[in-house]
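1. okay, here's the prediction I keep looking at, along with the sequence it came from:
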Amino acid sequence: MASGGMRIVAEELREIAFGAIGLAFAPVGAVYTNPIRILSIKNDTDADMYFSYDGVTVQEYIPAQTGMVLDFTSNSGATVYPLMAAGTTIYVAQVLAAPTSGIVAVSAYHAIGD
């Protein structure tokens, strides 16, 4: 597959410390101003976490000390790719017990030309 002349660019790392995470959804850093091709969420706390892309709906569950990667364009032969929309913010909330250590970190990548 041809690259189309696009270049992948890393967004600034977004993170939130354990003490700022509670039962209500809290934003993990700033809004993404570019459409996201790859998203990596790391729960480096000692508690299980819920994640949301709208700040209201529980959409992901990530256990303590684990993470997940969403690669929206891998293995795609399409010329039009699904992307996470610009304007998205990632939110986090504790599942049961409050975390007592660690951080939640989100890495994201977009392409110049999207």
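-> Received it, and whenever you're ready, just let me know what you need.
2. surely Ser107 touches Leu13?
-> Yes: counting by C-beta atoms under 8 Å, Ser107 does reach Leu13; the two are 5.9 Å apart. For glycine as for every other residue, the C-beta is placed from the backbone atoms N, C-alpha and C.
3. the two: which is more packed in?
-> Each of Ser107 and Leu13 has its neighbours counted (other C-beta atoms under 10 Å); Ser107 has more, 17 against 13.
4. partner residues bridging the more buried one?
-> Beta bridges link Ser107 to Ser40 when assigned by DSSP bridges.
5. now for it: which residues touch it?
-> 10-11, 13, 39-40, 42 (C-beta atoms under 8 Å, 6 or more residues apart in numbering).
6. what bridges to Ile8?
-> Per DSSP bridges, the residues bridged to Ile8 are Ala111.
7. got a list of what Val28 touches?
-> 14-16, 89-92, 104-106.
8. next one: Ile112
-> 6-7, 9.
9. just the buried members of the residues you listed?
-> Taking 16 or more other C-beta atoms under 10 Å as the criterion, nothing in the contacts of Ile112 is buried.
10. Gly19 belongs to a helix?
-> Yes: the assignment for Gly19 is a helix, going by DSSP: H, G, I helix; E, B strand; the rest coil.
11. ok, it to Asn34 distance?
-> Remark: distance between Gly19 and Asn34 (C-beta to C-beta, to the nearest Å) = 29 Å.
12. likewise Ile112?
-> 9 Å.
13. common neighbours of these two, please.
-> Counting by C-beta under 8 Å, 6+ apart, the shared contacts of Ile112 and Asn34 are Val9.
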